[in-house]
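[1] take this sequence and fold it.
(one chain, ligands or ions: 1)
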Amino acid sequence: MNLCYNERELTCEFSGAQHRERRQSRLSREIHRDFLKRTNYMENICLAYTLSVENYIGLCLSAGWPKPDKKQSTKSLQNSDYLVSAIDEKSGKVVGMGRSVGDGAMAEMIIDVVVHPEYQSMGIGTCMINDLIERIKNQVQSGQKVMITLVAALGKEKFYEKFGFTSHPNESYGNGMYLWHMKSLS
Ligand SMILES: CC(C)(COP(=O)(O)OP(=O)(O)OC[C@H]1O[C@@H](n2cnc3c(N)ncnc32)[C@H](O)[C@@H]1OP(=O)(O)O)[C@@H](O)C(=O)NCCC(=O)NCCS
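    Next comes the predicted model:
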C-alpha cells in the first residue's frame with residue numbers, strides 16, 4: 001500500500017479548524033515521516049490524509065450507518081486530529097476511512113473506521129489503523145503517554161485486539177460508557 005500526499009489538499013481539508021496552525025505543523029511532520037515508510041504492501045491502494053465530506057457520508061452509508069448531517073460532518077472532519085483514507089488508484093474511488101479526535105496530547109479516540117464492503121478483508125482496515133496509531137504515538141515525547149480509545153462495533157472487538165486494544169471491564173477499568181444526545185427539531 002502506498003502513501004500519497006498532496007499538501008494543497010491537506011491544507012484545504014483541514015483548514016477552518018480552530019487548531020489549524022497546530023494541525024498543519026503536525027501534518028507537515030507526518031508527511032516527512034510517512035514518505036520514508038512508503039511501501040508497496042497492496043498494489044493500487046494508497047493511503048491519503050484527505051477525505052471529502054461526500055466520501056465520508058458515502059462510506060458511512062456503505063457501512064449501513066445512518067446518513068450523517070453534511071454540515072456537521074464537515075465541521076467534524078475539519079476538527080479531527082488525524083484522518084486517513086484509502087484510495088483505489090485504478091478507479092480513483094475512496095474505499096476506506098478512519099480518523100481520530102482528541103486533545104493532541106494525552107487522549108485520542110479512533111472513530112469512523114470503515115472499509116467499503118467490496119474492499120474488506122484485504123488488509124486495508126489494518127493498514128489504516130496502524131497508520132493512525134503510529135501518528136498518534138508520535139505526538140508524545142519520551143516519558144509521556146497517550147491513551148488511545150475506541151468503541152468497537154458489535155463483533156469487531158477481535159479486529160482491534162490485534163493492535164493491542166484491550167476490552168473492559170477488566171481489573172483496571174469498568175464498562176465503557178456513552179451518551180447520545182439528539183436535539184429535537186424546533
Ligand atoms: C472492521 C473493518 C474496518 C475491517 O476492515 P478490513 O479492511 O476488512 O480489515 P482487514 O482486511 O485489515 O482485516 C484484518 C484482519 O482482521 C480480521 N477481521 C476483520 N474483521 C473482523 C471481525 N469482525 N472479527 C474478527 N476479525 C476480523 C480479518 O480476518 C483479518 O485477519 P488476518 O489479518 O488474520 O487475516 C471493516 O470490516 C468494516 O468497514 N466494517 C464495517 C464498518 C465497521 O463495522 N467499522 C468498525 C467500526 S468500530
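[2] mean pLDDT per helix and strand in this structure: which one sits at the bottom?
    Ranked by mean pLDDT, DSSP states H and E, the helix or strand of the chain with the weakest confidence is helix 7-14, at a mean of 37.
[3] just the helices in this protein please.
    Counting by DSSP state H, residue ranges of the helices within the chain are 7-14, 20-36, 53-62, 70-78, 124-137, 157-161.
[4] mean pLDDT for those: which is lowest?
    Of all the helices of the chain, the segment with the smallest mean pLDDT is helix 7-14, scoring a mean of 37.
[5] so the closest residue to Ser80 other than its chain neighbours bridges to which residues?
    Excluding the flanking residues, the one nearest Ser80 by Cβ to Cβ, 6 or more residues apart in numbering is Arg99, at 4.3 Å. Yep, even glycine has a C-beta here, placed from its N, CA and C like the rest. Arg99 has the following beta-bridge partners by DSSP bridges: Leu83, Ile111.
[6] so who does Arg99 touch?
    Taking Cβ atoms under 8 Å, 6 or more residues apart in numbering as the criterion, Arg99 is in contact with 51, 77, 80-84, 110-112, 132.
[7] give me the pLDDT value at it.
    Confidence at Arg99, expressed as pLDDT, is 98.
[8] tell me how many other residues crowd Cys127.
    Cys127: 22 surrounding residues under other Cβ atoms under 10 Å.
[9] next one: it from Val94, what distance?
    Here the distance between Cys127 and Val94 works out to 14 Å (Cβ to Cβ, to the nearest Å).
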